[in-house]
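Asker: The sequence and its predicted three-dimensional model are supplied below.
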Amino acid sequence: DQQVKQNSPSLSVQEGRISILNCDYTNSMFDYFLWYKKYPAEGPTFLISISSIKDKNEDGRFTVFLNKSAKHLSLHIVPSQPGDSAVYFCAAFHSGAGSYQLTFGKGTKLSVIP
Amino acid sequence: GAVVSQHPSRVICKSGTSVKIECRSLDFQATTMFWYRQFPKQSLMLMATSNEGSKATYEQGVEKDKFLINHASLTLSTLTVTSAHPEDSSFYICSARDLGLAGVSWETQYFGPGTRLLVL
């Protein structure tokens, strides 16, 4: 049972335009969400996070939106740059579980076209 | 940022042999390390949580006798795939939490580059 879903395996965006990556989750106990970026042959690196008490978190060109009622979050990258081309993983966490376990989606491969 | 290394990056072995994968935190101490497995086009799936000086906690469906985890120091955890079979071929990746940072700061979980295992 996939508790974190990224339904788009890939996304292509023109340089300078907005990239929107989507993520849905089913476990209502998740209260902390993270986005990781992964280049080939490297491990995932943390990008941005959001707590369930917020609906938006912004860091430079990256903004994450959380819609708790819809169990949906999205990552906006604007403007998109060729260096943003990577696989983006959405991950969720239940802070009360005490196990520090992250649940990941399958990832979305973003290609930013120059 | 903090660096986590894995060795080897790629390994090919014969069916029935054992393979050891090392995960090291290079510039920080990690009481907790995590081992994930990723099959093609699938998500990272947590296999086990490795705690320094104690037994690892395995996720449901992961055979602890097949995937031996040792976390002997604050900078090293090892995963040994015993009697490997072709279905164990996968991408194994570890992550480590920085002991020095307080609070539930999930950005402090640093990932290694992964190990590609191919069992023939």
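Answerer: Received it, and whenever you're ready, just let me know what you need.
Asker: Identify the residue spatially nearest to the residue in chain A that chain B sits nearest to, adjacent ones excluded.
Answerer: Closest residue of chain A to chain B, Cβ to the nearest Cβ: residue A:43 (3.2 Å). (C-beta placed from N, C-alpha, C; glycine too.) Once flanking residues are discounted, residue A:43 sits nearest to residue B:111: 3.2 Å by Cβ to Cβ, 6 or more residues apart in numbering or on different chains.
Asker: can you check residue A:12 too?
Answerer: residue A:111 (4.7 Å).
Asker: tell me which residues form a beta bridge with whichever residue of chain B sits closest to chain A?
Answerer: Proximity of chain B to chain A (Cβ to the nearest Cβ) peaks at residue B:111, 3.2 Å away. The bridge-partner assignment for residue B:111, based on DSSP bridges, gives residue B:95.
Asker: so where do the strands sit in chain B?
Answerer: B:4-7, B:10-13, B:19-25, B:32-38, B:45-51, B:57-58, B:67-73, B:76-81, B:90-97, B:109-111, B:115-119 (DSSP state E).
Asker: which parts of chain A sit against chain B?
Answerer: A:2, A:4, A:9, A:32, A:34, A:36, A:41-46, A:49, A:89, A:93, A:95, A:99-107 (Cβ under 8 Å from any Cβ of the partner chain).
Asker: Strands - which of the residues you listed land there?
Answerer: A:4, A:32, A:34, A:36, A:45-46, A:49, A:89, A:93, A:102-104.
Asker: Using PyMOL, define a selection of the buried residues within those residues.
Answerer: The PyMOL command for the buried members of those (criterion: 16 or more other Cβ atoms under 10 Å in any protein chain shown) is given here:
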select buried, chain A and resi 4+32+34+36+46+49+89+93+102+103+104
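Asker: so what does the least confident helix or strand in chain B by mean pLDDT touch, helix or strand wise?
Answerer: Sorted by mean pLDDT, DSSP states H and E, the helices and strands of chain B end with strand B:109-111, the least confident at a mean of 84. Packing partners of strand B:109-111 (3 or more Cβ pairs under 8 Å, 6 or more residues apart in numbering or on different chains; DSSP states H and E): strand B:90-97.
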